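Asks: Need a 3D model of the sequence below.
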Amino acid sequence: MVQEKTDGIDKDMVPLSNQHNRPALSWELKIKKRRITVPPCLGKYRPVVGQCCHQCTPDSLRKRFGQNSLLGFHNILDVNETQTRYRGWLVRRVCCALFVRGCKVYASPATNRLERVLQSNRVKDVLAAEHEAPEGQDSQGQLKLLSPFLPTIKTCISPGFLRFVGWVMLKMFSSLFDSIQVNLNHLPDLHRVSQEGSLLVYVYVRQSVVDCALIPLVLFCHNLRVPYTVCPLQVYSSPLRSILQKVGVVLLPPSASTEQEAEADRLYSPVMTSLVRELLHEGQAISVGVSSESGQGGQWLARIRQLIKEGHVPDVCLVPVGISYDCLPKTSIQVGLRTVFQWLLSFFWRRPEGCVRIHLSQPFSLKEMCDSGRCRVDEWLPLQDLLLPVILNNRSDTVFGRRRMLWLLTSSHYASELDELTPTERDLSIAIILHLIFSATSCKAVMSTSLVSSLLLYKHHKGVSASVLCRDVAWLTEELLFRNKDVGFGGSLPQVVHYSLSLLAPHLVIGAVPSRKDLFIVPRPSLDASLHLALQAQIVTHTFISEAVGACAVSAMLCEVAVSGVGSGGRNDSMDGVEVGGDTDFDVVLCQSELTERALQLCHLLPPGFMPPCQSSQSFAQDAIDSLVRCGILIMEEIPRDVPICDFWKKEGTMTWTTSDDPYHSDSDCDEQDLRSYKRKSLAYVYTVLFTFFFLFYQTTLLLPVPLCRCPQLSLHKFTWGGLSKQISQPSLCPEMLFFLCSMLAGHLRALCWTTTALDLIDSPLPETEFVAQIHSHLCDTAKKKKQHYESCSEEAVHTAVRTLIDLGVLSEERQKDGVFLGVSPLFQSPENRQKLQLFIKQYLYN
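Replies: Model prediction:
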């Protein structure tokens, strides 16, 4: 996997004047070798990922109970003679062709499918509205209207074409990747469900066009039914379209370049819904990709659920699929025959780079999730109702609920059919989409490049030595495994870091420091480098999202402490009676209810797919604060009382006499709420943190004159800085851990701030595409002017920020004949209201 002194690193080395007299640099210098193939904190077993949701689908989870045998991984690119029925020298040369020939193929001819689609009531109603022809000419007129969709309806799976394309993809991916590792743990479940006749729908989060090819190839190599794959890209080459449609690829119509254009056609949605119904009637599997940025692809899941509700399909089994790349392949939105030939020619002289890890999750019943009522959507509210009272009116109480994201479905023409649904049914469809996005992302393995990218981007953006980076890689690996997150790498610590840096070398500056024999790594201060590192680090942010939300809430309140001067004095009354030499006891006291409130408000600003869909927002906010206690950033300590909290005799009222006619009789004295505190005895330590936050927020002119404890009648928790949890070997100090966690959400929050600032510079209303383009240009110009924070300029960050401002009521949508126009709403045309919004978002930015 790793080669010593790869060219990717050597070419970025900073030359020294006396470098020819110095000994060669060694990766193992001053670095103790350590194997991290076996999870250090979980014994000899890997984390089990991809299980069903215990809340929404307990029955599906129960079928797998007691059968979690770890089967390991299979590299589908490692094809040898043992996978064939033959042996010998010649067999080893053609073993790939023999293996493909021996794989089981489920043929799927498209006989009479067109007639069945024409008989659909959906298609009949739309055709009747679109075409009014004399008697006897209806069938010809209908076929004329459906002519753009006829090749899509006739999509089939030909065994001969499938074997040939499978052989080509194995050869192509062998030149593109070092290996494609497939987790075998849930493959027996897929075989069992397939033999029982259940319908399978594979769902993945879109990252590249390679995703569409990997899932059918994996299933083909393991003798499972190859699904009909929904491809969101446009293919203009007629020969290539013909080949793809004979291996089950559902393509966009030639007249539409994007999914939005295809959905704008009134015939597209009814025809596709009828096509999905016929495919499921035939017993076929389907593969769908969902975009966490725009929600595209979710309409296919909504169509499947609508078919189940109408009784056309009894049930389907959903299978989230997590795909992780060491290096994400760059692909174009539009694919032509010339592009394919260029790919094939480049593979002959290209070296394979990076590995792929694929996790197929445990299948679960869609009908069970919908009909059982366990997937609750009764608290979904518009974002305006959740945050506007807090932002504009400075209310102390927060409206409890979950953000409603209607744009996950209404961005397409399919919304016309959803208009007939009740709000609860519409929210349930959105909840299913969010659930699958979260499940597919959760079962993705963290690759070594993702781990190193997150450290370089969020913790060591000013540079780090190789020895310190290796130490932090070991620590972060243990943290990931402790959170039941699988990793997609193994080997000794220097090998893992060396391999990751060799893949990330184009985006790094790697040099030698003259004073010591150690490498120094710095991320390149460029837009492409920062975006690449941020894209790789997203899976780490998803893993630490609870801690990141809690850390941003703590930073918001610490800013308040630093600016308002609360806690600027010291306290000598040590609670435990132990006095640290030379230091005065000092506490930073934060109200627990307000801290949870800040975390709850931040939850509503998160992009889709980060929060667990089965958990309420207030529960997630409370878990975010509790997670900081578990990892040691906050330390809990009880406040001294006259009666100890552990005095159960007093609390239960066993020795307390009360009158029988007392209308306020209580069996216990537990009505008084307990007080707890979190304490750290280091005056210089806390002063350093406070002055750091004061300096950072003074530069942003953030002043929050809100009192620290607004609700003294509630129980107070006192939070301060603490050491690290004993079971986790964190090498750095606690402020570094807090800054590391805050940096994970800084890119998204900064994009929101900059987008709000750009509203003063844009003449609106504008078409949606032009409006987003101008916002993107403003964000890029701002980052180039500051020469930092390029990770806030990605297209995904821009689309997410614009969509959040629309949901918040800052931007208004006007649907016209020419498309959707965006403009600033009358409420936020006031500079004062926009300033309040910026201050609300900036409070969570520590820098």
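Asks: biggest helix in this structure, by residue count?
Replies: Counting by DSSP state H, the longest helix found in the chain is helix 734-758.
Asks: elements contacting the helix or strand where residue 774 lies?
Replies: Assessed by DSSP states H and E, residue 774 sits inside helix 768-786. Helix 768-786 sits against helix 527-536, helix 734-758, helix 795-808, strand 819-824, with contacts defined as 3 or more CB pairs under 8 Å, 6 or more residues apart in numbering; DSSP states H and E. Any C-beta I mention is one placed from the backbone N, CA and C, and that applies to glycine too.
Asks: Which residues in it does the neighbour count mark as buried?
Replies: The neighbour-count check on helix 768-786 (16 or more other CB atoms under 10 Å) flags 768, 771, 772, 774, 775, 776, 778, 779, 780, 782, 783 as buried.
Asks: mind checking how far the second one is from residue 491?
Replies: Taking CB to CB, to the nearest Å as the measure, residue 771 falls 48 Å from residue 491.
Asks: Tell me, please, where in this structure the pLDDT is lower than the cut-off.
Replies: Within the chain, the stretches with pLDDT under 70 are 1-45, 64-69, 131-141, 331-350, 394-398, 410-421, 516, 563-589, 636-734, 847.
Asks: Pretty sure residue 503 is one of the things residue 532 touches, is it not?
Replies: No - contact between residue 532 and residue 503 fails when scored by CB atoms under 8 Å: they sit 10.4 Å apart.
Asks: Surely residue 558 is in a strand?
Replies: No - assessed with DSSP: H, G, I helix; E, B strand; the rest coil, residue 558 is helix; it does not lie in a strand.
Asks: CSV for the helices and strands packed on helix 768-786, including distance to residue 62 and mean neighbour count?
Replies: Listed next are the helices and strands packed on helix 768-786 as CSV, based on distance: least, CB to CB, whole Å; neighbours: other CB atoms under 10 Å:
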stretch, distance to residue 62, mean neighbour count
helix 527-536, 37, 21
helix 734-758, 35, 22
helix 795-808, 37, 21
strand 819-824, 45, 17
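Asks: Would you format these as a markdown table with distance to residue 54 included?
Replies: Output for the helices and strands packed on helix 768-786, formatted as a markdown table (distance: least, CB to CB, whole Å):
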| stretch | distance to residue 54 |
| --- | --- |
| helix 527-536 | 30 |
| helix 734-758 | 27 |
| helix 795-808 | 29 |
| strand 819-824 | 40 |
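Asks: Residue 374: which of these is closest?
Replies: Residue 374 lies closest to helix 795-808 among those, at 26.1 Å (CB to CB).
Asks: Please give me every residue in contact with the residue nearest to residue 810 when sequence neighbours are not counted.
Replies: Nearest residue to residue 810 in three dimensions, chain neighbours excluded: residue 828, at 4.7 Å (CB to CB, 6 or more residues apart in numbering). By CB atoms under 8 Å, 6 or more residues apart in numbering, the residues touching residue 828 are 759, 809, 810, 834, 837.
Asks: As a check, name the ranges of all strands in the stretch 301-450 of the chain.
Replies: Ranges of strands in the stretch 301-450 of the chain, per DSSP state E, counting those that start in this stretch, are 317-325, 334-335, 355-360, 364-365, 380-381, 402-403.
Asks: Including mean neighbour count, could those go into a markdown table?
Replies: Listed next are the strands of the stretch 301-450 of the chain as a markdown table, based on neighbours: other CB atoms under 10 Å:
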| stretch | mean neighbour count |
| --- | --- |
| strand 317-325 | 25 |
| strand 334-335 | 16 |
| strand 355-360 | 25 |
| strand 364-365 | 24 |
| strand 380-381 | 18 |
| strand 402-403 | 22 |
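Asks: mind checking which of those strands is nearest residue 749?
Replies: Nearest of the strands of the stretch 301-450 of the chain (CB to CB): strand 402-403, 15.7 Å.
Asks: what packs against that closest one?
Replies: Taking 3+ CB pairs under 8 Å, 6+ apart as contact, the helices and strands that strand 402-403 lies on are strand 380-381.
Asks: ok, and what's touching stretch 763-771?
Replies: Applying CB under 8 Å, 6+ apart, the external contacts of stretch 763-771 come out as 762, 774, 802, 812-814, 818-824.
Asks: Ok, which of the helices and strands packed on helix 768-786 comes nearest residue 150?
Replies: Using CB to CB as the measure, strand 819-824 is the one of the helices and strands packed on helix 768-786 that comes nearest residue 150, at 28.0 Å.
Asks: Summarise which helices and strands that closest one is packed against.
Replies: Packed next to strand 819-824, using 3+ CB pairs under 8 Å, 6+ apart, are strand 766-767, helix 768-786, strand 811-816.
Asks: Just put these in JSON lines and tack on distance to residue 217.
Replies: Converted to JSON lines, the helices and strands packed on strand 819-824 look like this (distance: least, CB to CB, whole Å):
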{"stretch": "strand 766-767", "distance to residue 217": "40"}
{"stretch": "helix 768-786", "distance to residue 217": "34"}
{"stretch": "strand 811-816", "distance to residue 217": "40"}
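Asks: Relative to residue 177, which of these is closest?
Replies: Closest among these, using CB to CB: helix 768-786, at 31.1 Å.
Asks: Hmm, residue 602 is touching residue 845, no?
Replies: No - when contacts are counted by CB under 8 Å, residue 602 is not listed as touching residue 845 (11.1 Å).
Asks: tell me, what's touching these two both at once?
Replies: None of the residues lies in contact with both residue 602 and residue 845 under the rule CB under 8 Å, 6+ apart.
Asks: show me the contacts for residue 789.
Replies: The contact partners of residue 789, by CB under 8 Å, 6+ apart, come to 530, 746, 747, 750, 783.
Asks: Shouldn't residue 615 be within a strand?
Replies: No - assessed with three-state DSSP, residue 615 is coil; it does not lie in a strand.
Asks: How about it: what's its closest non-neighbour residue?
Replies: The shortest distance from residue 615 to any non-neighbouring residue, by CB to CB, 6+ apart, is to residue 623 (7.8 Å).
Asks: for the one helix or strand the one you found maps to, the distance to its chain's centre please.
Replies: Using DSSP H and E, residue 623 sits in helix 617-630. A distance of 19 Å separates the centroid of the chain from that of helix 617-630, by CA atoms, centre = their mean, to the nearest Å.
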